[in-house]
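**Student:** Quick one: sequence and predicted model below, then my questions.
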Amino acid sequence: MKKAMLVHLNELDFYLKKIDAVWPVRCLTGEAIDCEKVVDYYRQSRIVYKYVHSYSGAMHMAVNSDGVFNAKGFYTSLNEIVEIISPLPAGAVLELGCGKGFNSAYLAKKIPHAHFTGIDVSGEHLAIARKKASRIHNLSILYGDFQDIMFPDGAFDTVFELESICHARKVRQVLSEVFRVLKKGGRFIVYDGFRQSGFHRLPDRLIEAARMTEKALAVDHFEDIDGWLAMAVAEGFRIHEKKDLSASIMPNLARLQYLARRYFEYPMLTKLLLRLLNVYTMRNCIAVLLMPFTLHNNAHGYYKIILEK
């Protein structure tokens, strides 16, 4: 069923007050995010991701270009990666922030002539991903930080990520490391959130909502899209493709926002549930409640980007 989505600023004001009643805005926007916080976010969010976000195990946004949510949308970005990699000769592919191995396991089965390696810093995620990899001959899962990639220069034909490098604390260093480990002509495929150009000229309440969304997702801040691309070019990359997919993730967000609205309708009940449930249930509710506002009003954007070395 298609859910009615709230995106207008007068509606945003109402829900910012609802959120502030149970979790003061300053407590969230002023929070420092480090690697430990990111790992803790995913550890405590596992039930939300499994039973609310995607029963299939996907941890990224569903991309539904027809405007109607369908769980097949969780495979849209992966199938696009298949189309990019499949025609290439046997090669090495690296996933940054592989999580529980959902993406690389799917791709490794689809492209048996390529070898996939996934790296992550979460011990819990790695244990699950390694169990999957034990049954897939062309998939390896390793502990690794994408800010300091442990592989030699030119080790990979393709590097990709789905919503992981937004957590990077050293953004320029990630680009430098990816450029280093790619072979000449290799590609870096990115599906991730960014701040839109002109972010700081937006209304204060929209900027506040955007910052709350970022912190709720254990992201210090999304990078400015033009600034990030400029950094990539400065590192030596060529921009092969840049596509704004914000409208295509709205159907997924519509159903999640609908659930989050129920959570905030009764502040006393919300406070009680906050005591019973872990803190990241609340954070996820805040993020999916506010993100349709930030995307629709051009504070945030969700992009597919392909960079070439």
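**Tutor:** Yep, that arrived.

**Student:** Please count neighbours and contacts with C-alpha atoms only from this point.
**Tutor:** Will do.

**Student:** Any stretches of the protein with poor pLDDT?
**Tutor:** For the chain, applying pLDDT under 70 flags the ranges 1-3, 25-26, 267, 274.

**Student:** Quick one: the helices in it, in order.
**Tutor:** Counting by DSSP state H, the chain forms helices over residues 9-22, 25-29, 35-44, 46-48, 76-85, 102-110, 123-133, 171-181, 204-216, 225-235, 246-264, 267-276, 279-296, given from the N-terminal end onward.

**Student:** Just send these back as a markdown table, with distance to residue 157 and mean neighbour count too.
**Tutor:** Output for the helices of the chain, formatted as a markdown table (distance: least, Cα to Cα, whole Å; neighbours: other Cα atoms under 10 Å):
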| stretch | distance to residue 157 | mean neighbour count |
| --- | --- | --- |
| helix 9-22 | 44 | 15 |
| helix 25-29 | 39 | 15 |
| helix 35-44 | 28 | 16 |
| helix 46-48 | 32 | 15 |
| helix 76-85 | 9 | 15 |
| helix 102-110 | 14 | 20 |
| helix 123-133 | 20 | 18 |
| helix 171-181 | 9 | 20 |
| helix 204-216 | 31 | 21 |
| helix 225-235 | 17 | 17 |
| helix 246-264 | 28 | 20 |
| helix 267-276 | 46 | 14 |
| helix 279-296 | 33 | 23 |
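
**Student:** Turn the ones you listed into TSV, including distance to residue 306.
**Tutor:** As requested, the helices of the chain are arranged in TSV below (distance: least, Cα to Cα, whole Å):
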stretch	distance to residue 306
helix 9-22	33
helix 25-29	31
helix 35-44	25
helix 46-48	29
helix 76-85	10
helix 102-110	17
helix 123-133	25
helix 171-181	12
helix 204-216	23
helix 225-235	10
helix 246-264	16
helix 267-276	40
helix 279-296	21
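
**Student:** Touching, residue 221 and residue 212? I think so.
**Tutor:** No: using Cα atoms under 8 Å, residue 221 is not in contact with residue 212, being 9.5 Å away.

**Student:** CA atoms only: put stretch 252-263 into PDB for me.
**Tutor:** Extracted C-alpha coordinates of stretch 252-263, given in PDB (Å, rounded to 0.1, in the frame of the first residue of the first chain):
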ATOM      1  CA  ASN A 252      10.800   3.100   1.000                       C
ATOM      2  CA  LEU A 253      11.000   6.100   3.300                       C
ATOM      3  CA  ALA A 254       7.200   6.700   3.000                       C
ATOM      4  CA  ARG A 255       6.400   3.400   4.700                       C
ATOM      5  CA  LEU A 256       9.100   3.900   7.300                       C
ATOM      6  CA  GLN A 257       8.000   7.400   8.100                       C
ATOM      7  CA  TYR A 258       4.400   6.200   8.500                       C
ATOM      8  CA  LEU A 259       5.500   3.800  11.200                       C
ATOM      9  CA  ALA A 260       7.700   6.400  12.900                       C
ATOM     10  CA  ARG A 261       4.800   8.900  13.000                       C
ATOM     11  CA  ARG A 262       2.800   6.400  15.100                       C
ATOM     12  CA  TYR A 263       5.800   6.300  17.500                       C
END
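
**Student:** and for that stretch, what are the contacting residues?
**Tutor:** If you take Cα atoms under 8 Å, 6 or more residues apart in numbering as the criterion, stretch 252-263 is touched by 2-5, 52-53, 61-64, 69-70, 270, 285-286, 288-292.

**Student:** again with stretch 99-114
**Tutor:** Counting by Cα under 8 Å, 6+ apart, the neighbours of stretch 99-114 from elsewhere in the structure are 57-58, 78, 82, 85-86, 89-93, 95, 98, 115-120, 122, 125-130, 132-133, 136, 138-139, 141.

**Student:** and if we set it to 6 Å?
**Tutor:** When contacts are taken as Cα atoms under 6 Å, 6 or more residues apart in numbering, the neighbours of stretch 99-114 outside the stretch itself are 90, 91, 92, 125, 128, 129.

**Student:** what do you get for stretch 181-199?
**Tutor:** Residues external to stretch 181-199 that are found in contact with it (Cα under 6 Å, 6+ apart): 153-163, 222-225, 299-309.

**Student:** distance between that stretch and the chain's centre?
**Tutor:** With Cα atoms, centre = their mean, to the nearest Å as the basis, the distance from the averaged C-alpha position of stretch 181-199 to the chain average is 13 Å.

**Student:** separation between the residue of the chain positioned farthest from its centre and residue 23?
**Tutor:** Going by Cα atoms, centre = their mean, the residue of the chain most distant from its centre is residue 268, 31.3 Å out. From residue 268 across to residue 23, the span is 12 Å (Cα to Cα, to the nearest Å).

**Student:** Likewise for residue 169?
**Tutor:** 25 Å.

**Student:** Can you give the distance of stretch 299-306 from its chain's centre?
**Tutor:** For stretch 299-306, the separation from the chain centroid amounts to 10 Å (computed by Cα atoms, centre = their mean).

**Student:** what's the answer for stretch 171-187, then?
**Tutor:** With Cα atoms, centre = their mean as the basis, stretch 171-187 stands 19 Å off its chain's centre.

**Student:** Right, I'll leave it there.
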